[in-house]
Each structure stands twice: as C-alpha cells, then as structure tokens.
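Asker: this one's sequence-less:
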C-alpha cells in the first residue's frame, strides 16, 4: 500500500487572526482614557508653609496657588478673585467629584486665602484643603 498525501490547492494561508487582540487593546486604551483623573495644575511654584501635621493626599484635582504679591493662579494662568467662582463652577459641572487644594505662599495674606476658599465653596466644591509642606521638606 502506498500512502498518498493530499495537498490542498485552495491557497488559504493559516495564521493568527489579530482582530480580537486589537479590539481588546483598543478597549483597554479607551478604559484608561476615561478613568484617568486629570489634575489641574496652578502653573507656578510657591514657597509653602511648613506644618508638622502636613500629610500627602491622593485627592485634589484642582490646584489654586496664591503668591505673596496677591496673585491667584489656576490652570496655568493668573486669574482675578472674581473669576475663581465661575471657573470652579464650570469645573464642578464637568467633574463633580473633584476636590480643591489651595497652595498659599508663606507670605500670602490670610484674608486672600479665606476669600479664595469662600469662592471655591460658593462654586459648589465642598472638600477644600490647604497645601503645606511637611517639616521634613517633602
């Protein structure tokens, strides 16, 4: 008996179908884009006051910086006190779970800090923190 091999002449190539893997990777990409929390940086550096009870916080998506010369910075630009509330209201509508950290320079006036915190609260954000540097300088 002689064995014959049957070869198919159909020309079909067998390979790995990459479409399901590409679908999975694109779904992962979309998931990470949607769930990423974006932080609104103030755009300047300030000399923060040191505090023994300062502790790092994971939350705090909106940062507001107060300089010694009474400048208020949000989202990498200088703003007036009267602009703080409308900006906070707009950001609060976009992402209601956001929190605010007010980073005041050591020489910033306490009255300005209180007014900025009032404007943030009137803008609808309830969780407001004051940024400080721990005594270790972290």
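Answerer: Alright, I've got the coordinates. Being a predicted model, the structure only gives us computed values, none of them experimental. Numbers count the residues shown, from 1 in each chain.
Asker: all contacts plus neighbour counts: C-alpha atoms, from now on.
Answerer: OK.
Asker: what sits against residue 89?
Answerer: The neighbours of residue 89, taking Cα atoms under 8 Å, 6 or more residues apart in numbering as the test, are 123-124.
Asker: same thing but at 10 Å, please
Answerer: Shown in contact with residue 89 (Cα atoms under 10 Å, 6 or more residues apart in numbering): 95-96, 119-125.
Asker: can you tell me the SS state at it?
Answerer: Per DSSP: H, G, I helix; E, B strand; the rest coil, the local secondary structure of residue 89 is helix.
Asker: how about residue 103?
Answerer: Assigned with three-state DSSP, residue 103 falls in the strand class.
Asker: for the longest helix anywhere in the chain, buried residues please.
Answerer: Taking DSSP state H as the criterion, the chain has its longest helix at helix 19-35. By neighbour count with 16 or more other Cα atoms under 10 Å, helix 19-35 contains no buried residues.
Asker: mean confidence for that helix?
Answerer: What helix 19-35 shows for mean pLDDT is 86.
Asker: so what does that helix touch, helix or strand wise?
Answerer: If you count contacts as 3 or more Cα pairs under 10 Å, 6 or more residues apart in numbering; DSSP states H and E, helix 19-35 packs onto no helix or strand.
Asker: can you give me the helices in the protein?
Answerer: Under DSSP H, the chain gives helices at 19-35, 81-94, 110-122.
Asker: including distance to residue 131, could the ones you listed go into a markdown table?
Answerer: Below are the helices of the chain laid out as a markdown table (distance: least, Cα to Cα, whole Å):
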| stretch | distance to residue 131 |
| --- | --- |
| helix 19-35 | 25 |
| helix 81-94 | 17 |
| helix 110-122 | 11 |
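Asker: so which of these is nearest residue 100?
Answerer: helix 110-122 (7.9 Å; Cα to Cα).
Asker: the residue nearest to residue 88 when sequence neighbours are not counted: neighbour count?
Answerer: Closest residue to residue 88 in three dimensions, ignoring its sequence neighbours and counting by Cα to Cα, 6 or more residues apart in numbering: residue 123, at 5.3 Å. Residues contacting residue 123 under the criterion other Cα atoms under 10 Å number 19.
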